[in-house]
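Q: Prediction below, plus the sequence it came from.
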Amino acid sequence: KQEVTQIPAALSVPEGENLVLNCSFTDSAIYNLQWFRQDPGKGLTSLLLIQSSQREQTSGRLNASLDKSSGRSTLYIAASQPGDSATYLCAVSTGTASKLTFGTGTRLQVTL
Amino acid sequence: DAMVIQNPRYQVTQFGKPVTLSCSQTLNHNVMYWYQQKSSQAPKLLFHYYDKDFNNEADTPDNFQSRRPNTSFCFLDIRSPGLGDAAMYLCATSRGRFGLSYEQYFGPGTRLTVT
């Protein structure tokens, strides 16, 4: 059974810092990995999708990497802003119906 | 804009009173999913439709049912809600082709409260 772990569970950084969020998964037989953002009481916003054949994806200040063989992914956020404060979830896709298994998230707070 | 819409955004129901949550999509995706997310927990897949084929997760309680009358709409029925069913319910869609995996798009969620 696939298990996804995210470390740390919570993180507080001052504005402007670069930071890294970690995600690990137990079964490397994945189709892809997605990083999501979730604001309190809201739905999920997709940030980046990395296919299993890819090593990284970039969108603006976000860069996600994938090391499928070791079961790890990182989300790098450059020059953090207070608006980046949210919970970040990673999820891995398995099966032909792209079923996602989620981690419990990292709650990020960026302070002024 | 193409999107995933969930109604209502907030639903309050009484213990044991059936409730239906609605999801619609304008993305024309053939796969639709329902996830349950309890407070401070990871979203958990309840079931999904691949085209018209219904696929239940092994640990989804019998209390939860789903209907997909057409490509655009999918409903989550909770036959007899218990206090433990209070959660955020998330609908998602994706394209689906055998052997390939695509990005999932999520709706804003429905927050269910059981009194």
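A: Nice, I can see it. Numbering: from 1, shown residues only, chains lettered A, B, ... in the order given.
Q: So what's the residue count around the residue in chain B positioned nearest to chain A?
A: Nearest to chain A, among the residues of chain B, is residue B:101, at 3.2 Å (CB to the nearest CB). Just so you know, the C-beta spots here come from the backbone N, C-alpha and C atoms, and that holds for glycine as well. Neighbour count of residue B:101, defined by other CB atoms under 10 Å in any protein chain shown: 25.
Q: which bits of chain B sit near chain A?
A: Proximity of chain B to chain A, by CB under 8 Å from any CB of the partner chain, involves residues B:6, B:31, B:33, B:40-45, B:48, B:50, B:55, B:88, B:90, B:92, B:94, B:96, B:98-109, B:111.
Q: And these, which of them are buried?
A: For those, a burial check counting by 16 or more other CB atoms under 10 Å in any protein chain shown picks out B:6, B:31, B:33, B:42-45, B:48, B:50, B:88, B:90, B:92, B:94, B:96, B:101-109, B:111.
Q: Now, those residues that are in strands?
A: B:6, B:31, B:33, B:44-45, B:48, B:50, B:88, B:90, B:92, B:94, B:105-106, B:111 (DSSP state E).
Q: In a markdown table, list the residues you listed along with pLDDT and distance to residue B:18.
A: Shown next, in a markdown table, are these (pLDDT from 0 to 100; distance: CB to CB, whole Å):
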| residue | pLDDT | distance to residue B:18 |
| --- | --- | --- |
| B:6 | 96 | 18 |
| B:31 | 93 | 26 |
| B:33 | 95 | 22 |
| B:44 | 94 | 21 |
| B:45 | 93 | 22 |
| B:48 | 92 | 22 |
| B:50 | 90 | 26 |
| B:88 | 97 | 19 |
| B:90 | 97 | 20 |
| B:92 | 95 | 23 |
| B:94 | 91 | 29 |
| B:105 | 92 | 28 |
| B:106 | 94 | 25 |
| B:111 | 96 | 18 |
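Q: ok, residue B:88 touching residue B:108?
A: No. Residue B:88 is beyond contact range of residue B:108, at 9.6 Å (criterion: CB atoms under 8 Å).
Q: Next, count neighbours for residue 11.
A: The chain I'm using is chain A. Residue A:11: 16 neighbours (other CB under 10 Å).
Q: that's the wrong chain, I meant chain B
A: 18.
Q: Check which helices and strands the helix or strand bottoming out on mean pLDDT in chain A sits against.
A: Least confident helix or strand of chain A, by mean pLDDT, DSSP states H and E, is strand A:99-102 with a mean of 91. Strand A:99-102 sits against strand A:86-94, strand B:44-50, with contacts defined as 3 or more CB pairs under 8 Å, 6 or more residues apart in numbering or on different chains; DSSP states H and E.
Q: Alpha carbons of the longest one, as CSV, please.
A: C-alpha atoms of strand A:86-94 as CSV (Å, rounded to 0.1, in the frame of the first residue of the first chain):
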residue,chain,number,x,y,z
ALA,A,86,-1.0,27.8,3.1
THR,A,87,-0.8,24.1,3.5
TYR,A,88,1.2,22.3,0.7
LEU,A,89,0.2,18.8,-0.1
CYS,A,90,2.0,16.3,-2.4
ALA,A,91,0.2,13.4,-4.0
VAL,A,92,1.3,10.5,-6.0
SER,A,93,-0.7,8.9,-8.8
THR,A,94,-1.0,5.2,-9.2
